[in-house]
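> what follows is a predicted structure for the sequence shown.
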Amino acid sequence: MNLHKASLFRLFLSFFPRHAHTVLHTLRRSTARGRDNTHRLRNPNATDRGLNMGKYDEVYHRSITDKEGFWGDAARQIDWIKPADKVLDDSNPPIYRWFRGGVLNTCYNAVDRHVENGRADQTAIIYDSPVTNTKRQVTYRELLDQVSRFAGVLAANGVTKGDRVILYMPMIPESLVAMLACARLGAIHSVVFGGFAANELATRINDCTPRVIVTASCGIEPNRVIAYKPMVDEAIDLSTHKPEGVIVFQRPQATATLDRPGDRDWMEEMAKAEPHACVPVEATDPLYILYTSGTTGQPKGVMRDNGGHAVALKWSMQAIYDVNPGEVFWSASDVGWVVGHSYIVYAPLLQGATTIVFEGKPVGTPDASTFWRIISEYKVVSFFTAPTAFRAIRRDDPEGEFIRKYDLSSLRTLFLAGERADPATIQWAEEHLKVPVIDNWWQTETGWAIAANCRGIELLPVKFGSPTRAAPGWDVQVLDEDGHPMEAGKIGSLVCKLPLPPGTLVSLWNAEKRYVDSYLTDFPGYYKTGDAGFLDDDHYVYVMTRTDDIINVAGHRLSTGAMEEVLANHPAVAECAVIGIADELKGQMPLGFVVLKAGITTSPEVIEKECAALVREQIGPVAAYKQTVVVQRLPKTRSGKILRGTMQKIADNEEYKMPATIDDPGILPEIQEALEDIGLATRRQG
């Protein structure tokens, strides 16, 4: 069966597919004439191997059958003050801990050792801010000086090992300095995305009870400056826990008033600070807390340790992203998100590479050429961003004209993660960039990729729509609602067999029962990802949607992700989203939203009809897909995830809370109006 179309068609099958054989029979017959889109990357090692992989298989097999030996070897890439007594502590399942008894310091491994080993004058951080027209480079020697002195600042303000420090910062090098300074002291940092509303920040203050908050005077978005200090002050007023101090980095675009007890100026504190040495910490001690959304409204404080985190991220930088010490790696994310923690800060610096701190947008700063300018200017070898960024670029530059203006010969690989990377976007990127375009699947909780094409081990053939196979250390399986394994091609709950590899969450901050209940209880012996998908006959992973985004149409449990893949293949569509809306007869009905590429002259009415016809043709009547709405843009979080749940509440006239993570609240009224035009969302929020 055509692999690409199989990956599309199987997706919409029932989440617990009682009638799958009937539908698949029809699909196999209809796809027999199709083109095979299994894509062989430009890798001489993969040309004649088909899907019997060789080296990757050897590495993966050992990671599953000899976990302690595999990760014990990986741990030798880290400098330890004291090696672990036990690589894997499995004495208390389902709670597992890595490198029990080991002692190290993460900051030392990310900064000091590179200075000591000959990389002092190598650039550690490239700062490029098109929103402020600022460029700056920081060597490892300069980074060590700044980090050790800011650790002295924190220590002078009472911060000691085990204390929490909230960082509420924009995308500037000082954000990395503050994170590393906390790690240097053995303090636990909790980065809150700069610009989060005061009540959201207050929730996090109350939960992790920081001794100090570190912030900047402002964050900067295209065409606007966001003052941070007033939001910090309001959050402290709202919180029951009161930090002892607030340290503010003043930016010239907006100066903060420091008029409260405990307010400190970053530069004044740095001028009088004494450099602080690295504090030894246990491998199992927390490095950071990163909050992610919880279904109860109370954010979950994902907790990462020092030892397992350092080992896994250092290993992944070479094995997955194929980045060598001294090379330039760019993750176009934000330090407020897990991708920023892992692949702006820790992994590149643990590897001795150069990382880029980018303050801007993929389009609009100044246009859709920004990414290519940076890759060309700094000779980026590996680039990591979200599919939504590429959909925005593709929308504004569908023919790739900007790409052709730059020398991108340094670029070896483009990696995507954050949302499902639809095949149309991957194909467009590969066609224009002429490099492998590789999807990853991972989560805030996992800290690094669950499934990936591990370029540093062996570049495997790409199947569009799949993030390839489980990464070494990850035993990915598909289970039905009763916990039974499902056949290849059948959609179920994607789960990972315990123990998880190093670098993943070890618990939730002050909430171990919630950790067990949320992730480890529904499928005993497994970590519940909350994603739905399937494995094909070659063990490729297909991640289709969150399990709570499965919609029920007349008793058929269908994946909205399958419908989105079909819509994304329409030549006029830049990006799309499908939600389930309430229907008296069928329970739910799918509704599609599409954003058109620049320069499209076809009327929206024609495109809406064509989209419905495409879904009927490729998925069939079981999807009951009838309506599509053309909109100018989709509401997203600041990390690029489409707010499908909020859109659904608007369509169904349900009360909703403005998401704290929303990038532009002004988009929701546009969605409201578009839905009103088709007779939905008749009650406005007010």
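Perfect, thanks for sending it.

> distance of residue 184 relative to residue 578?
46 Å (Cβ to Cβ, to the nearest Å). Bear in mind the C-beta positions are built from the backbone N, C-alpha and C, glycine included.

> my bad, should have said residue 379
Taken as Cβ to Cβ, the span from residue 379 to residue 578 is 40 Å.

> which one's more surrounded, those two?
Using other Cβ atoms under 10 Å as the criterion, residue 379 and residue 578 rank with residue 578 on top: 29 against 14.

> touching, that one and residue 589? I think so.
No. Taking contacts as Cβ atoms under 8 Å, residue 578 lies outside contact range of residue 589: 10.6 Å.

> how about the helix or strand hosting residue 204: buried residues?
Under the criterion of DSSP states H and E, residue 204 resides in helix 198-208. Buried residues in helix 198-208, counting neighbours by 16 or more other Cβ atoms under 10 Å, are found at 198, 200, 201, 202, 203, 204, 205, 207, 208.

> for that helix, what is the average pLDDT?
Per-region confidence: helix 198-208 scores 91 on mean pLDDT.

> how distant is that helix from the center of its chain?
Put simply, helix 198-208 sits 22 Å off its chain's centre (Cα atoms, centre = their mean, to the nearest Å).

> which outside residues touch it?
164, 166, 168, 188, 190, 192, 213, 231-232, 234-236, 238-241, 243, 289, 291, 298-299, 301, 509-510, 660 (Cβ atoms under 8 Å, 6 or more residues apart in numbering).

> ok, now with 7 Å
With Cβ atoms under 7 Å, 6 or more residues apart in numbering as the test, helix 198-208 has contacts from 164, 166, 168, 190, 192, 231-232, 234-236, 238-241, 243, 289, 291, 299, 301, 509, 660.

> just give the closest residue to residue 385, not the sequence neighbours.
The spatially closest residue to residue 385, leaving aside those adjacent along the chain, is residue 332, at 4.1 Å (Cβ to Cβ, 6 or more residues apart in numbering).

> please tell me how far that neighbour sits from residue 339.
From residue 332 to residue 339 the distance is 9 Å (Cβ to Cβ).

> could you do residue 429 as well?
18 Å.

> re earlier: residue 332 and residue 339 - which one has more neighbours?
A direct count of neighbours by other Cβ under 10 Å for residue 332 and residue 339 places residue 339 higher, at 25 against 22.

> dihedrals phi and psi, that one?
Note on residue 339: backbone dihedrals following degrees, to the nearest 10 are phi -60, psi -40.

> mind checking pLDDT for the closest residue to it other than its chain neighbours?
With Cβ to Cβ, 6+ apart as the criterion, residue 339 has its nearest non-adjacent residue at 3.9 Å, and that residue is residue 333. What the model reports for residue 333 is a pLDDT of 90.

> how many other residues sit next to residue 90?
14.

> ditto for residue 399
Neighbours of residue 399 (other Cβ under 10 Å): 13.

> ok, residue 118 next?
10.

> which residues touch it?
Residue 118 touches nothing, counting by Cβ under 7 Å, 6+ apart.

> repeat for residue 89
96, 97, 100.

> which one (most neighbours) among those?
residue 97 (23 neighbours).

> what about residue 614, helix or strand, and which?
Residue 614 belongs to helix 604-618, assigned by DSSP H and E.

> in that helix, which residues are buried?
Applying 16+ other Cβ under 10 Å to helix 604-618 flags 607, 608, 610, 611, 612, 614, 615, 618 as buried.

> can you check stretch 206-215 too?
207, 208, 209, 210, 211, 212, 213, 214, 215.

> so the most centrally placed residue in the chain: helix, strand or coil?
By Cα atoms, centre = their mean, the chain has its centre lying nearest to residue 418, at 3.9 Å. What DSSP: H, G, I helix; E, B strand; the rest coil gives for residue 418 is coil.

> give me every residue that touches it.
So residue 418 contacts 339, 386, 387, 388, 639, 640, 641 (Cβ under 7 Å, 6+ apart).

> for the residue lying closest to the last one once chain neighbours are set aside, give its distance to residue 385.
In other words, residue 641. Using Cβ to Cβ, 6+ apart and skipping the chain neighbours, the partner closest in space to residue 641 is residue 419 (5.6 Å). Using Cβ to Cβ, residue 419 is found at 11 Å from residue 385.

> following the longest helix seen in the chain, which helix or strand shows up next?
Assignment by DSSP state H gives helix 140-156 as the longest helix of the chain. Sequence order places strand 164-169 as the next helix or strand after helix 140-156, per DSSP H and E.

> helices and strands around that following strand, which ones?
Judged by 3 or more Cβ pairs under 7 Å, 6 or more residues apart in numbering; DSSP states H and E, the packing partners of strand 164-169 are helix 173-185, strand 188-193, helix 198-208, strand 212-216.

> what's the second one in contact with?
Residues from elsewhere that reach strand 188-193, judged by Cβ under 7 Å, 6+ apart: 162, 164-168, 179, 182, 201, 204, 208, 210, 286-290, 334-336, 341, 638.

> next one: that strand to chain centre, how far?
16 Å.

> got it, and stretch 465-473?
With Cα atoms, centre = their mean, you get 15 Å for stretch 465-473.

> show the end-to-end separation of it, please.
22 Å (Cα to Cα, to the nearest Å).

> who touches residue 634 in this structure?
575, 577, 593, 595, 642.

> distance of it from residue 336?
21 Å.

> can you check residue 398 too?
Counting by Cβ to Cβ - residue 398 and residue 336 are separated by 31 Å.

> same thing with residue 328?
22 Å.

> looking at these two now, which is surrounded by more residues?
More neighbours surround residue 336 than the other of residue 328 and residue 336, with 25 against 21 (other Cβ under 10 Å).

> what's across from the residue nearest to that one when sequence neighbours are not counted in the sheet?
Once flanking residues are discounted, residue 336 sits nearest to residue 193: 3.1 Å by Cβ to Cβ, 6+ apart. Going by DSSP bridges, residue 193 is paired in beta bridges with residue 169.

> and the closest residue to residue 468 other than its chain neighbours, how many neighbours?
Excluding the flanking residues, the one nearest residue 468 by Cβ to Cβ, 6+ apart is residue 453, at 4.0 Å. Neighbours of residue 453 under the rule other Cβ under 10 Å: 28.

> and for the one 10 residues further on?
The tally of other residues near residue 463 (other Cβ under 10 Å) stands at 26.

> same check on residue 369?
20.

> would you confirm that it contacts residue 403?
No. At 8.1 Å, residue 369 does not count as touching residue 403 under the criterion of Cβ atoms under 7 Å.

> which of the contacts of residue 418 tops the neighbour count?
Going by other Cβ under 10 Å, residue 339 tops the contacts of residue 418 with 25 neighbours.

> now it: how far from residue 385?
9 Å.

> in helices, which of the contacts of helix 198-208 appear?
Reading helices off those with DSSP H, I get 231, 232, 234, 235, 236, 238.

> how many residues are close by the fifth one?
It refers to residue 236. 19.

> which SSE is residue 128 in?
Using DSSP H and E, residue 128 falls in strand 123-129.

> that strand pairs with which strands, parallel or anti?
Strand 123-129 has these strand partners (DSSP bridges): strand 134-139 (antiparallel), strand 354-358 (parallel).

> next up, phi/psi of the closest residue to residue 427 other than its chain neighbours, please.
Take residue 427 and drop its neighbours on the chain: the residue closest to it by Cβ to Cβ, 6+ apart is residue 464, 6.5 Å away. Main-chain torsions, residue 464, degrees, to the nearest 10: phi -60, psi 130.
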